[in-house]
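# Following is a predicted model, sequence given first.
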Amino acid sequence: MSTDTTIGSDPCDIDAFTHRLDGELGAAFSPGESKWVSRAAVALDCMGGFAEYCGALTLTLPTADSVFAAVQARHDQSVHVDLLAAGRNGRPATATFPLSLWYENEEIVDAAVFARRVEGLESEWAKPLVGVLHVLLSEGRIPHLDGGLTLVVASPIPWELEGVVSAAATAATMSAVCKCLGVDIAPAEMVLLCQRCRNHVMGIPCGPSASACALLGEPGSLLQLLCQPLELIGRLAVPDGVILMGIDCGARHPAAARKFHDARVAAFMGRRIIEQRLAGRNPPSGWGGYLARLSVTDYVDTFRDRLPTKMKGKDFIDRYGDTGDPLTFIDEAAVYKIRSRTEHHIYENTRVHRFAERIARVRRTGSQDPLLEMGELMFASHWSYGQRCGLGSIETDRLVNCLRKRGPRRDLFGARICGAGAGGTVAVLMSDTQAAHDAVGESVVEYTQATGCTTRFLVCSTDGAAARDVRQVVCDAVSSR
């Protein structure tokens, strides 16, 4: 369960990263000129995650895992990127792009064209970094890139697991680039720009919660974000003696991206059908096209039986047209499970609100009873991921079962698959007691023996990029370029 890292023993130590930049990595930068260094935390989706794009409330915690970025201006009309990431066995990856990559006839190319230009290149790993620059240019936040930029980015998490680190990578890069270029963007707006980069350049159909946590998260507090599209409700302190942590199960379904996309398509099919049912009627207050704004009662009484359990893509197109979501693409030959995928978001939003209420009750009363209810909400969310959305996995089910069978008698209250699902990370609710830590250790050993997978802990203890100033550092190293 050791953590592979290329940036020192402490994955959130910006001092270690800065020191390394001044030493062995100093050749990437020009001497005597300032560079800007930032850090953004990798988020743990505690509740709500997958339902974010349908307007759900999400609860996220910043973890000790961080992505670091250092940016300096160049003068040779290029953007040079160095990547240091655990998944590349400590060997840096390097790429240089001419500024013409971003332009066509002196105009900024649109996101689709830019994404195609980067797609398939050996340096495709640089997408979240060069994508940030495209978004800032296309949105008019920066007029140009002057003579270019040098970007050095490091992550303790395998870079190949783009869905895990891309939100933190875009947040760290955007924070440092904006400081380097003297651009002031409010954190909430920066969140939406990061999401735009992930949606339209990287092709990840995600919501804003991971980027928001990377930029706005605070230690020991759940970031409450209402994704309609972006409303910061507040920060909910985790009660004393309670821990929310993540365990990477060490496995990911090879078709995880397709499964996620198909589940999203089906949910937006359901939204379109409901939207048409509401036409000419008084919609629920503030409907706005968000499934999360439907109450469970309204859904069951009015819409559930009117949603098909399954429908072929072509039949849906013939009857309803498109889904109304620019990030979904319907396969005419595919069969989509519309009802179950749609209702997950409605039930999940209710679970998240109840979870937030009960964690507040623990803090207010000191009672541990609400922890039992919170745990059951997490188990229900886990079941819904697998059974309603088709985003479960054998590995995460086994890990959750190992934790659940030890349960409250060992101070373990709940667990759920999180993020995009189909493998990946399990979030765990537990007491901060020796009994609970021992039970987690036993569960991981049992899981590893059964699956052969290597697990990894995600400890929640750090803050987001916006909560800490981006550092300005003057380079002393002699450049090799």
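The structure has been received and is ready for your questions.
# Select the longest helix from this protein.
Using DSSP state H to assign secondary structure, the helix with the most residues in the chain is helix 338-365.
# Which strands and helices lie in contact with that helix?
When contacts are defined as 3 or more Cβ pairs under 8 Å, 6 or more residues apart in numbering; DSSP states H and E, helix 338-365 packs onto strand 34-47, strand 57-73, strand 221-226, strand 231-237, helix 256-278, helix 296-298, helix 369-387. Glycine gets a C-beta too; all of them are placed from N, C-alpha and C.
# Please give me every residue in contact with the spatially most central residue of the chain.
When Cα atoms, centre = their mean is applied to the chain, the residue found nearest the centroid is Ala210 (3.6 Å). Going by Cβ atoms under 8 Å, 6 or more residues apart in numbering, Ala210 touches 43, 45, 60, 167-168.
# at 10 Å instead, please
41-45, 49, 52, 58, 60, 163-168, 170-171, 191, 194-195, 198, 204, 217, 225, 419 (Cβ atoms under 10 Å, 6 or more residues apart in numbering).
# could you dump the helix or strand it falls within to PDB, C-alpha only?
Assigned by DSSP states H and E, Ala210 belongs to helix 209-216. Extracted as PDB, the C-alpha positions of helix 209-216 are listed here (Å, rounded to 0.1, in the frame of the first residue of the first chain):
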ATOM      1  CA  SER A 209     -17.000  19.400  -8.300                       C
ATOM      2  CA  ALA A 210     -13.400  18.000  -8.600                       C
ATOM      3  CA  SER A 211     -12.100  21.300 -10.000                       C
ATOM      4  CA  ALA A 212     -14.000  23.200  -7.300                       C
ATOM      5  CA  CYS A 213     -12.400  21.100  -4.600                       C
ATOM      6  CA  ALA A 214      -9.000  21.500  -6.100                       C
ATOM      7  CA  LEU A 215      -9.400  25.300  -6.000                       C
ATOM      8  CA  LEU A 216     -11.600  25.900  -3.000                       C
END
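# Let me know the average pLDDT across that helix.
When the per-residue pLDDT values of helix 209-216 are averaged, the result is 93.
# Repeat that for stretch 363-378.
When pLDDT is averaged over stretch 363-378, the result is 94.
# And that stretch, what's buried?
By neighbour count on 16 or more other Cβ atoms under 10 Å, the buried set for stretch 363-378 is 370-371, 373-375, 377-378.
# List just the nearest of these to Ala176.
Distance ranking of the buried residues of stretch 363-378 against Ala176, using Cβ to Cβ, places Met378 first at 35.4 Å.
# Work out for me the element the closest residue to the closest one other than its chain neighbours sits within.
Across the structure, with Cβ to Cβ, 6 or more residues apart in numbering as the measure, the residue nearest Met378 apart from its sequence neighbours is Gly414 (3.3 Å). Secondary structure assignment for Gly414, by DSSP H and E: strand 412-417.
# Note down every partner strand of the helix or strand following that strand and its orientation.
Towards the C-terminus, the helix or strand next in line after strand 412-417, according to DSSP H and E, is strand 423-431. Strand 423-431 pairs in its sheet with strand 242-252 (antiparallel), strand 412-417 (antiparallel), by DSSP bridges.
# quick one: low-confidence ranges for the protein?
Applying pLDDT under 70 to the chain picks out residues 1-12, 23-26, 85-92, 159-164, 280, 282-286, 461-462, 465-469, 475-481.
# circling back to that earlier point, could you list the buried residues of the longest helix of the chain?
338-356, 358-359, 361-362.
# ok so His19 is a strand residue?
No. Residue assignment for His19, taken from DSSP: H, G, I helix; E, B strand; the rest coil, gives helix, which places it outside any strand.
# Could you double-check that it lies in contact with Asp13?
Yes. Shown here, His19 and Asp13 form a contact pair, counting by Cβ atoms under 10 Å, at 9.1 Å.
# Between these two, point out the one with more neighbours.
Legend: neighbour count by other Cβ atoms under 10 Å for His19 and Asp13, higher for Asp13 (17 against 13).
# Ala154 is in contact with that one, correct?
No. The pair formed by Asp13 and Ala154 falls short of the contact definition of Cβ under 10 Å, at 11.0 Å.
# any idea how far Gly390 is from Ser340?
8 Å (Cβ to Cβ, to the nearest Å).
# Any chance you could list residues touching both of the two?
With Cβ under 10 Å, 6+ apart as the test, Ser340 and Gly390 both reach 263, 266.
# Quick one: neighbours of Val473, just the number.
As a burial measure, Val473 scores 15 neighbours (other Cβ under 10 Å).
# ok, now which ones touch it?
The contact partners of Val473, taken as Cβ under 10 Å, 6+ apart, are 18, 21-22, 29, 34-37, 70, 72.
# change it to 6 Å
Taking Cβ atoms under 6 Å, 6 or more residues apart in numbering as the definition of contact, the neighbours of Val473 are 35, 37.
# which SS class is it?
Judged by three-state DSSP, the three-state class of Val473 is strand.
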